[in-house]
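Asker: Provided below are the primary sequence and the corresponding predicted coordinates.
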Amino acid sequence: MMARRPTDILAGAYALAIYTFIFLPVAVLVLFSLQATLFPVPPFTGPSLKWYQAVLTDERLTGALANSLIVATISSFLSVLLGFLAAYGLARFTLPAGRAVRALMTAPLSVSYLVIGMGLLILLNAIGMPKSLSSAGLGHVVINLPLCFAILYSQMGQHQANIERAARDLGASEWQVLVLVTAPMLWPALFASFFLSMTFSWDEFVIAFLLTRFETTLPVEIWALLRSGLNPKTNAIGSLVFIVSIVLVVVLEAVVLRRRR
Amino acid sequence: MTEPLVRIANVRKRFGRETALDNVSLEFARGAFTVLLGPSGSGKTTLLNVLGGFLEPDDGEVVIDGQDMRGLPPAVRPTTTVFQDYALFPHMTVGANVGFGLRMRGDGRTARDEKAREALKLVGLEEAFGRRPHQLSGGQRQRVALARALVVEPKVLLLDEPLGALDLKLRRQMQDELKILQKRIGTTFVHVTHDQEEAMALADTIVVMNRGRIEDAGTPERVYAHPASYFTAGFMGEVTSFGGETLGGGLVATPVGRVRITGAAAAGQRVRLALRPEAMTIGPAGPGSQSLGDLRVAEVVFQGASKRILGKLGPASAPIPAIVRADAASSVSEGDVLPVSMLPGALLVYPEAE
């Protein structure tokens, strides 16, 4: 065995400190969601699942959870679909001002959610569209579409174009090329964009807060809950949100990384 | 049958200011194996794309089996293409890849599976039916691409440098297989390559292209031995070349002395002369052959069956680089000065380019 050098030990300690810094809050959150008493502060009195029970029997919270899932699924699906079609158009055809269109397409990536949310709020007000889950979903499409576009566009290279040419040569119509060749060929990238959009939509707060009213998504509902002070119930719902995010990321990694190999 | 299967007439194609095809006219006979040969940028791939319908010519006509191809997309043309990068569908099995064209034509599952299996058998890959393209080697993928293009029974099969990505040994092997396959099924093949050895091994007709024009077209034997242009002579193989001036009476004054050419030429014309390495022999001129003076040997390359001798001919003030093929057993070494002669009638004569 090689002797451990001081720099190695230092590096290890640094890494440990970093991960502690990142994960300690989450660990504390999850730990005190299992608290048996009324306040999520030390000493730990659990473990108990009573707060999870409280969350799952709270219709406002479960309703918001369902809303979040619906908004995330539908907005992600739309983002992927629109991003895919835009990427295909811009990658395969020479369009007037194609470069400018491409730049405009990805520009929202650099705009803050607050600005996008406010912009949409003003716009929806002006055209008389009420605040709703649909409006929030629309906002999520605005933030996720550029991301899906960028991912999918990067995957549509010359090699893929040649494969599409081969399909056309063998008698496929444009529509058949898209459905039977392009989309299945880009399946890992489509999957990755969808799940990335899901994770972003799932815990997005600002836009959802600005664009929903009576029915709202889970992050907004949690915020409302927090206003009445901390209790282990907020920890429990926070843990649930965290678990769903982790599941999404793990599924993404498993599918996409397994494909890469 | 006298009517050609493919007729290309006065085809022009420009890309911006570049002329890719400059008034190209060609005919391919039914069942022929034609190779389009040329350096990169010669327009050979552009011509193939014009045939396949991937590019529309600016001007001119393409007729396949009596049908004008103008405005017809690749999907409805009686052509299919084998691409250099194979362009297999990565998400489909080999069987589904091969059956794709039949599926587009509306054949049912069983019918197309059966035909796909037959096509794979034709290229010696029947066991790969259920596998995925990424599980196959380069040579195997190439065969799948071939089977996929042939299964729809095209009138013309277009091959775009199909062997370019393979290593040399596999390439030579695939050449033999391709030639045998073409003879067996009798489909008209049009094959693009920049490798003149590949062209000679495969072609019934070689079409040599340069800068968007056809330099020469004919059988490999003719194109190699009697190239129609100086460019073709240089592209089809190694040559020793030098300038000269006609003296009339079939004689040409050159830096290596007066030489006799076949065919008459008026006196006082600048010409360019070329000789293949095997047209020269080391040794003094015998009866019928002509002396080329002394060769100053600079390098001897042993090639197994023969030796390739690089040296200089002509006056020391204006030496002519020369390549001579000698017997493997000959004892020539660097620094030797040896008399060289050429076989009668082997001299290739071209007008001097302006």
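Answerer: All right, it came through fine.
Asker: burial count for the closest residue to chain B within the stretch 1-150 of chain A?
Answerer: For the stretch 1-150 of chain A, the residue closest to chain B is residue A:94, as judged by Cβ to the nearest Cβ, at 12.6 Å. All C-beta spots, glycine's among them, are computed from the backbone N, C-alpha and C. For residue A:94, the count of nearby residues is 6 (other Cβ atoms under 10 Å in any protein chain shown).
Asker: wait, is it part of a helix?
Answerer: No. Residue A:94 is assigned coil when assessed by DSSP: H, G, I helix; E, B strand; the rest coil, not a helix.
Asker: list the contacts of residue B:254.
Answerer: B:242-244, B:273 (Cβ atoms under 8 Å, 6 or more residues apart in numbering or on different chains).
Asker: repeat for residue B:226
Answerer: residue B:348.
Asker: starting at the chain centroid, how far to stretch B:282-295?
Answerer: 32 Å (Cα atoms, centre = their mean, to the nearest Å).
Asker: now, which of the contacts of residue B:254 sits nearest residue B:145?
Answerer: Nearest to residue B:145, judged by Cβ to Cβ, of those is residue B:273 at 43.8 Å.
Asker: roughly how far does the closest one sit from residue B:228?
Answerer: 15 Å (Cβ to Cβ, to the nearest Å).
Asker: helices of chain B, start to end?
Answerer: Using DSSP state H, the helices assigned to chain B run over residues B:44-52, B:94-104, B:109-122, B:138-150, B:168-185, B:196-202, B:220-225, B:230-236.
Asker: so which of those helices gets nearest chain A?
Answerer: helix B:94-104 (3.6 Å).
Asker: got the angle for the closest one vs helix B:138-150?
Answerer: When axes from the mean of the first three to the mean of the last three Cα atoms, to 10 degrees is applied, the directions of helix B:94-104 and helix B:138-150 differ by 20 degrees.
Asker: mind listing residues that contact helix B:94-104?
Answerer: Residues outside helix B:94-104 that contact it (Cβ under 8 Å, 6+ apart): A:167, A:170-172, A:176, B:75, B:80, B:88-89, B:92, B:107, B:111-113, B:115-117, B:119-120, B:125, B:128-133, B:136, B:144, B:147-149, B:151-152.
Asker: quickly find the element holding residue A:13.
Answerer: Using DSSP states H and E, residue A:13 sits in helix A:6-32.
Asker: count of residues packed around residue B:236?
Answerer: 23.
Asker: just list the residues touching the closest residue to residue B:60 other than its chain neighbours, thanks.
Answerer: Closest residue in space to residue B:60, ignoring its immediate chain neighbours: residue B:11 at 3.4 Å, by Cβ to Cβ, 6 or more residues apart in numbering or on different chains. Going by Cβ under 8 Å, 6+ apart, residue B:11 touches B:21, B:23-25, B:47, B:50, B:57, B:59-62.
Asker: now residue A:244
Answerer: Counted by Cβ under 8 Å, 6+ apart, residue A:244 has contacts residue A:202.
Asker: tell me the angle the helix or strand in which it is found makes with helix A:6-32.
Answerer: Using DSSP H and E, residue A:244 sits within helix A:232-260. Angle, helix A:232-260 to helix A:6-32, by the same axes, to 10 degrees: 130 degrees.
Asker: may I see the buried residues of helix A:232-260?
Answerer: A:232-241, A:244, A:248, A:252, A:256 (16 or more other Cβ atoms under 10 Å in any protein chain shown).
Asker: that helix: how far from the chain's middle?
Answerer: Relative to its chain's centre, helix A:232-260 lies at 10 Å (Cα atoms, centre = their mean).
Asker: now do stretch B:216-231
Answerer: 10 Å.
Asker: next one: stretch B:329-337
Answerer: 33 Å.
Asker: residues in contact with that stretch?
Answerer: B:282, B:294-300, B:307, B:309, B:326, B:338.
Asker: end-to-end on that stretch?
Answerer: End-to-end distance of stretch B:329-337 (Cα to Cα, to the nearest Å): 18 Å.
Asker: next: stretch A:51-70.
Answerer: Distance between the boundary residues of stretch A:51-70 (Cα to Cα) amounts to 24 Å.
Asker: residues in contact with that stretch?
Answerer: Residues from elsewhere that reach stretch A:51-70 (Cβ under 8 Å, 6+ apart): A:33-35, A:133, A:201-202, A:215-221, A:225, A:231-233, A:235-237, A:240.
Asker: ok, residue A:143 - contacts?
Answerer: Residue A:143 neighbours (Cβ under 8 Å, 6+ apart): A:108, A:113, A:116, A:200, A:204, A:207.
Asker: widest-spaced pair of those residues?
Answerer: So, the contacts of residue A:143 by Cβ to Cβ: farthest apart are A:108 and A:204, at 13.7 Å.
Asker: quick revisit: which one's more surrounded, residue B:273 and residue B:228?
Answerer: Applying other Cβ under 10 Å to residue B:273 and residue B:228 shows that residue B:273 carries more neighbours, namely 23 against 17.
Asker: returning to that earlier point: would you mind writing the ChimeraX command to select the buried ones in the contacts of residue B:254?
Answerer: Per 16+ other Cβ under 10 Å, the buried members of those correspond to this ChimeraX selection:
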select /B:242,244,273
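Asker: just the contacts of residue B:254: which are in strands?
Answerer: In this view, the contacts of residue B:254 that belong to strands under DSSP state E are B:242-244, B:273.
Asker: now the residues you listed as a markdown table including pLDDT and distance to chain A?
Answerer: Shown next, in a markdown table, are the ones in strands among the contacts of residue B:254 (pLDDT from 0 to 100; distance: Cβ to the nearest Cβ, whole Å):
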| residue | pLDDT | distance to chain A |
| --- | --- | --- |
| B:242 | 86 | 44 |
| B:243 | 84 | 44 |
| B:244 | 84 | 48 |
| B:273 | 88 | 44 |
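Asker: can I get the residues you listed in a markdown table with distance to residue A:196?
Answerer: A markdown table is the format used below for the ones in strands among the contacts of residue B:254 (distance: Cβ to Cβ, whole Å):
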| residue | distance to residue A:196 |
| --- | --- |
| B:242 | 68 |
| B:243 | 68 |
| B:244 | 72 |
| B:273 | 69 |
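Asker: gap between the residue nearest to residue B:60 and residue B:52?
Answerer: Applying Cβ to Cβ to residue B:11 and residue B:52 gives a distance of 13 Å.
Asker: helices of chain A, start to end?
Answerer: In chain A, the segments counted as helices under DSSP H are A:6-32, A:50-57, A:59-92, A:98-106, A:113-127, A:133-154, A:158-169, A:174-176, A:183-185, A:187-202, A:206-211, A:218-227, A:232-260.
Asker: who's in contact with the longest strand belonging to chain B?
Answerer: In chain B, with assignment by DSSP E, the single longest strand is strand B:290-302. With contact meaning Cβ under 8 Å, 6+ apart, strand B:290-302 is reached by B:256-257, B:259-260, B:280, B:282, B:284-285, B:307-314, B:319, B:322, B:324, B:328, B:332-342, B:344.
Asker: which parts of it are buried?
Answerer: Residues of strand B:290-302 classed as buried by neighbour count (16+ other Cβ under 10 Å): B:290-297, B:300.
Asker: list the contacts for the closest residue to chain A within the stretch 151-300 of chain B?
Answerer: Closest contact between the stretch 151-300 of chain B and chain A, by Cβ to the nearest Cβ, is at residue B:152 (6.5 Å). By Cβ under 8 Å, 6+ apart, the contact list for residue B:152 reads A:170-171, B:80, B:101-102, B:105.
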